[in-house]
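Peer 1: Sharing a sequence plus its predicted fold:
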Amino acid sequence: MKILAIIPARGGSKRIPRKNIKNFVGRPIIKYSISAAKEAGCFNEIMVSTDDPEIARMAESCGARVPFFRSKKNSDNRAMIIPVLAEVLMEYKKRGKKFEYVKNNFYYRDIYFGFNPFIGEEIVFFRKKPIWGMNYYSEIIAGHVSAMIIYAFLKKALKKVPKNKPFRGPDNFNDKNFEYINTVKGTIKKCIGKEKIFYNKKLVYILNYCGGIIKEKN
């Protein structure tokens, strides 16, 4: 699962007008937050929630994303952080999330919708032609463990992907009270699999996936 950093930065600051783009010790204040998120090394995406075009341009120049502007109702001096975060998550759910990676002639794209459950698709392109793909559907099936904690463990497991079976994670991975199990049949040409996460030996998460080589008409 991908981890998103959300940095709130509205334009209508009252006590210090325009504080987010004011210079402090040689650089804009918002750059400190963006740099800290980058240095943490645990976020797949850093986004800034703002209603202000100038702040948006500054944030993007510092390496953050501003995929949409904050609504008016969450931009006045009475705006609270929880509604702001909820608005961001809801907007991402509506838009879906896409992650990309490019190396030489290869291009990888992962796009998914939802949070719990969520559904998605991974495609590998070579010279702009799709050559491999996988679809997946997942849900958390127990409410006694936070979804964010489960997804944080899942991220650790997915970093252990074996080279001989690059579908999801390893066959088995343990960390404290969590256990990850990935069962797959087939090869890179055609596969079907299921991954499960257990917390204190109780099933809390499940994902089904299938994929394989893609061939276009000659």
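Peer 2: Structure's in. What do you need?
Peer 1: which residues does the residue nearest to residue 28 when sequence neighbours are not counted contact?
Peer 2: Leaving aside its chain neighbours, residue 28 sits nearest to residue 21 (5.0 Å; criterion: CB to CB, 6 or more residues apart in numbering). Using the backbone N, CA and C atoms, a C-beta is placed for each residue, glycine as well. Applying CB atoms under 8 Å, 6 or more residues apart in numbering to residue 21 gives the contacts 28, 29, 30, 54, 55, 58.
Peer 1: Between those, which sits nearest residue 198?
Peer 2: Using CB to CB, residue 30 comes nearest to residue 198 of the contacts of residue 21, at 41.0 Å.
Peer 1: any idea what sits nearest the closest one, other than its immediate chain neighbours?
Peer 2: Spatial nearest neighbour of residue 30, chain neighbours left out: residue 20 (4.5 Å); criterion: CB to CB, 6+ apart.
Peer 1: Give me the sheet partners of the helix or strand harbouring residue 204 and which way each runs.
Peer 2: Assessed by DSSP states H and E, residue 204 sits inside strand 202-213. Pairing partners of strand 202-213, with direction, according to DSSP bridges: strand 129-140 (antiparallel), strand 190-199 (antiparallel).
Peer 1: Out of those, which is closest to residue 113?
Peer 2: Using CB to CB, the strands paired with strand 202-213 put strand 129-140 closest to residue 113, at 10.5 Å.
Peer 1: what's the following helix or strand after that closest one?
Peer 2: Criterion used, DSSP H and E; the element after strand 129-140 is helix 147-158.
Peer 1: can you pull the buried residues of that next one?
Peer 2: Buried residues in helix 147-158, counted by 16 or more other CB atoms under 10 Å: 150, 151, 153, 154, 157, 158.
Peer 1: Tell me the strands beside the helix or strand following that helix, with direction?
Peer 2: Counting by DSSP H and E, the next helix or strand C-terminal to helix 147-158 is strand 172-175. Here strand 172-175 has these sheet partners by DSSP bridges: strand 178-187 (antiparallel).
Peer 1: Residues contacting the strand it pairs with, please?
Peer 2: With CB under 8 Å, 6+ apart as the criterion, strand 178-187 contacts 150, 153-154, 157, 165, 167-174, 191-199, 201, 212.
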